[in-house]
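# let's see this in three dimensions:
(4 chains)
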There are 4 protein chains.
Amino acid sequence: MTETVERETGRVEAFSDGVFAIAITLLVLEFKVPHRSAAPNDAALWASLAQLWPSFVAFTGSFIAILIMWISHHGLFRMVHRVDTPFLYVNGFMLLMVTFVPFPTAVLAEYLGHPGERAAAAFYCGTFVLVSTTYQLWWWTACRRRLLKTNVPPEHIARIWKSYRFGFVVYVAAALLAFWHAALGLGLCLSLWFYWALLSRRTEA
Amino acid sequence: MTETVERETGRVEAFSDGVFAIAITLLVLEFKVPHRSAAPNDAALWASLAQLWPSFVAFTGSFIAILIMWISHHGLFRMVHRVDTPFLYVNGFMLLMVTFVPFPTAVLAEYLGHPGERAAAAFYCGTFVLVSTTYQLWWWTACRRRLLKTNVPPEHIARIWKSYRFGFVVYVAAALLAFWHAALGLGLCLSLWFYWALLSRRTEA
Amino acid sequence: MTETVERETGRVEAFSDGVFAIAITLLVLEFKVPHRSAAPNDAALWASLAQLWPSFVAFTGSFIAILIMWISHHGLFRMVHRVDTPFLYVNGFMLLMVTFVPFPTAVLAEYLGHPGERAAAAFYCGTFVLVSTTYQLWWWTACRRRLLKTNVPPEHIARIWKSYRFGFVVYVAAALLAFWHAALGLGLCLSLWFYWALLSRRTEA
Amino acid sequence: MTETVERETGRVEAFSDGVFAIAITLLVLEFKVPHRSAAPNDAALWASLAQLWPSFVAFTGSFIAILIMWISHHGLFRMVHRVDTPFLYVNGFMLLMVTFVPFPTAVLAEYLGHPGERAAAAFYCGTFVLVSTTYQLWWWTACRRRLLKTNVPPEHIARIWKSYRFGFVVYVAAALLAFWHAALGLGLCLSLWFYWALLSRRTEA
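Take a look at the predicted model:
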């Protein structure tokens, strides 16, 4: 019986990992090869590649974001003992947001540094507000439906809640800030991601 | 011997999961980034993003549909004891339909809210008539070739047949309805998906 | 020690399965959504979708071809006891051809039923001549480097060789035939695939 | 406890394999189907396909490169005993470079044989300088954080360092050479890859 449950968890993790891996790899499709007519020599091609800086920013940012989401999902699943069907739907809803990330990334890559960049940046940050919401829903379902292992300490559960609330508030602030200044909003998102990456270094190493 | 069979099942499940995961993630490619010339400022970009509502509808609908298919495949495979080559082909035929879903989704996203939307909606619903057919063929093959575990109760098998026949009839009705009114046909499909998602909550939780 | 070897085989199989799953799912990207300007009403959209028949033919054919390749790879790997680095490269070379299949498929979808279809069909069939060659190289390497399980009977090995030689000859004939008549060459390829699918039903069921 | 660690390694490997498999399969999207207007008959289509030779070169080169990276990752992971969170980020940074490869590949396919090819070739080779850097960072982290199995001999660790330094120097030389002559820089990269493939045959067979 325990074995069956284990295997079930394994298949959900494998499917989720597949979705994370594909979403993170599709980000590269957002780069557009400069047309030959626009880059008729070496210098012009270098200049065209340099003009793609918004694509590099958007690609790197979204890559780090999805990587953090994957590592977080990875860590959360270590605490999950079994899955049931409602949890599969909530997990699927979270994956819906993960697979959506390449679109706001492409919008940001197109508009950053051009008129409309504030709308693009707010749309981008706003997407992560929804991502954060689905992660909270995921965790709420896991706790509520008693899917966690019994040896997970309550203070650990509380710390995760706190971390999610913090992330949610920062994303909302970033989205609002982006309405006024695109780079500031994006910078706040990126700061959060670097903070999380560095924090994990301390707490889990 | 048993071990070999187990592992075989595992590899088919892994391959199928891969196809489901990729098909569900490719759906996002259907979103088209608004051209910079069409959105020269923040307000125009918000308006352009809002005009993508058919893409959001089609993306969300198809995501839920493929997710339900995956969860259903997941549940069915728990009853499968072993696989043989004909079953691999039937499973492959079912995956053919799964990988096809992004195309009618993209057609729907292009035509919803424009002339031609009834054809697009009927094509979309009609695709799920075929999907439903392949699931019935899958189940028929599993039953007929005695691939199921011996402890699966007959009433459970009968309930699955009933559920598939019900789905098939609803999809046919949705496709016919869409010829007359696009939103009604689509609404019927979406209702079915929400019904299945809620139903599973009751029966398996 | 045995465990390590088993796990190695597992990882190569998982990577190969991933490539097969992605290549088979990317085939759908070859479908082009008809432009709204070309299909201003329901009847025009149905007509536009019907004009995509070469895409449906190419998609279905290539899907079946990759599915057969996957099932074949699946069956061959059941006989493999261990892998070494040269074998990884040969397996990779075979995957190179698998990932290439979506391109001739897209060419065929574009040109079938138009001038140039003979070149497109010959290019398509010719691709499978190379695919067949890489499968023979794969099998040759597995036999030559003694990677097979010791309990594989010699007559089984001989039967696989015979089957590959037969496939190779048919693909060459199909490619040559396509230079003269596109549909005949393609028909020969499709016949081979249906023959293999039906044959496997008899021998392994 | 040991079991948990093993499984952790397994999930990171599976995620990484997924990313490698997807990146290597997306390379085919770089091939552009010739427009029907540009190829109005069989001879013109053959000529158009022949003009895609830069795509074939770029596709084959990048496929071999990612395959070598995967096999290398595969070999390195056999020495890894456990993973921690900082290592997950370093591994993710390496995957960032892997998923980026399809873009310089597409740039190379577009410009090889045209003005601007030196910039495209230098950009392509330069990407592998960064790839090589992330592999060195990966190995450094694994060594430094004591994630390796205790039975890995020091001379083996030293040989891997030497091999990475060698690759790094060759990539830098190739990138510099490409500024002056595109084909020479690319040829140096390809030579390195064939050398590695043949070398592995000797050392591990």
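# specify the local secondary structure of residue A:115.
Following DSSP: H, G, I helix; E, B strand; the rest coil, residue A:115 is assigned to coil.
# ok, residue A:32 next?
Strictly by three-state DSSP, residue A:32 counts as coil.
# so what's it up against?
Counting by C-beta atoms under 8 Å, 6 or more residues apart in numbering or on different chains, residue A:32 touches A:52, A:55. Any C-beta I mention is one placed from the backbone N, CA and C, and that applies to glycine too.
# repeat that for the one 5 residues further on.
With C-beta under 8 Å, 6+ apart as the criterion, no residue contacts residue A:37.
# pLDDT score assigned to it?
Note for residue A:37: predicted pLDDT of 87.
# can you tell me how far it sits from residue A:160?
According to C-beta to C-beta, to the nearest Å, residue A:37 and residue A:160 sit 53 Å apart.
# the helix or strand residue A:104 falls within packs against which elements?
Using DSSP states H and E, residue A:104 sits in helix A:102-111. Helix A:102-111 sits against helix A:53-77, helix A:117-144, helix B:42-50, with contacts defined as 3 or more C-beta pairs under 8 Å, 6 or more residues apart in numbering or on different chains; DSSP states H and E.
# of the ones you listed, which is nearest chain D?
helix A:53-77 (4.2 Å; C-beta to the nearest C-beta).
# what residues does chain A put near chain B?
A:4, A:8, A:11, A:14-15, A:18-19, A:22-23, A:26, A:29, A:84-86, A:88-89, A:92, A:95-96, A:99-100, A:102-103, A:106-107, A:110-111, A:114-120, A:123, A:145 (C-beta under 8 Å from any C-beta of the partner chain).
# which secondary element of chain A has the worst mean pLDDT?
helix A:2-26 (a mean of 76; mean pLDDT, DSSP states H and E).
# do that helix and chain D meet?
Yes. Using C-beta under 8 Å from any C-beta, helix A:2-26 comes into contact with chain D via A:13, A:14, A:17, A:18, A:20, A:21, A:22, A:24, A:25, A:26.
# of those residues, which pair is most distant in space?
A:13 and A:26 (20.3 Å; C-beta to C-beta).
# residue A:68 against residue A:197, yeah?
Yes. Residue A:68 is in contact with residue A:197 according to C-beta atoms under 8 Å; the separation is 6.6 Å.
# measure the closest residue to residue A:71 other than its chain neighbours to residue D:141 for me?
Among residues not flanking residue A:71 along the chain, residue D:88 sits closest, at 5.3 Å (C-beta to C-beta, 6 or more residues apart in numbering or on different chains). As judged by C-beta to C-beta, residue D:88 and residue D:141 stand 10 Å apart.
# these two: who's more crowded?
residue D:88 (22 against 18; other C-beta atoms under 10 Å in any protein chain shown).
# which element is the more buried one on?
For residue D:88, the element it lies in under DSSP H and E is helix D:85-100.
# return the set of buried residues in the helix or strand that contains residue A:167.
Element membership for residue A:167, per DSSP H and E: helix A:154-180. Using 16 or more other C-beta atoms under 10 Å in any protein chain shown as the test for burial, helix A:154-180 gives A:160, A:164, A:167, A:168, A:170, A:171, A:173, A:174, A:175, A:177, A:178.
# what sits against residue A:31?
A:52, A:55, A:59, A:109, D:103, D:106.
# what's stretch A:21-29 in contact with?
A:59, A:62-63, A:66-67, A:70, A:98-99, A:101-102, A:105, B:21-22, B:25-26, B:28-29, C:22, D:15, D:18-19, D:22-23, D:26, D:29, D:95, D:99-100, D:102-103.
# change it to 7 Å
If you take C-beta atoms under 7 Å, 6 or more residues apart in numbering or on different chains as the criterion, stretch A:21-29 is touched by A:59, A:62-63, A:66-67, A:98-99, A:101-102, A:105, B:21-22, B:25, D:15, D:18-19, D:22-23, D:26, D:99-100, D:102-103.
# what does the host helix or strand of residue A:183 rub up against?
Element membership for residue A:183, per DSSP H and E: helix A:182-204. If you take C-beta under 7 Å, 6+ apart as the criterion, helix A:182-204 is touched by A:61, A:64-65, A:68, A:112, A:117-118, A:121-122, A:125, A:128, A:167, A:170, A:173-175, A:177-178, D:84-86, D:89.
# so where's chain A uncertain?
A:1-8, A:200-205 (pLDDT under 70).
# and the residue of it closest to chain B?
In chain A, the residue found nearest to chain B is residue A:18; the distance is 3.3 Å by C-beta to the nearest C-beta.
# quick one: contacts for that residue?
With C-beta under 7 Å, 6+ apart, residue A:18 has these contacts: B:17, B:18, B:21, D:18.
# closest one to residue B:133 out of these, please.
residue B:17 (21.9 Å).
# next, count neighbours for the closest residue to that closest one other than its chain neighbours.
Using C-beta to C-beta, 6+ apart and skipping residues adjacent in sequence, the residue nearest residue B:17 is residue A:15, 5.0 Å away. Neighbour count of residue A:15, defined by other C-beta under 10 Å: 26.
# tell me how far residue A:110 lies from residue B:38.
In terms of C-beta to C-beta, residue A:110 sits 11 Å off from residue B:38.
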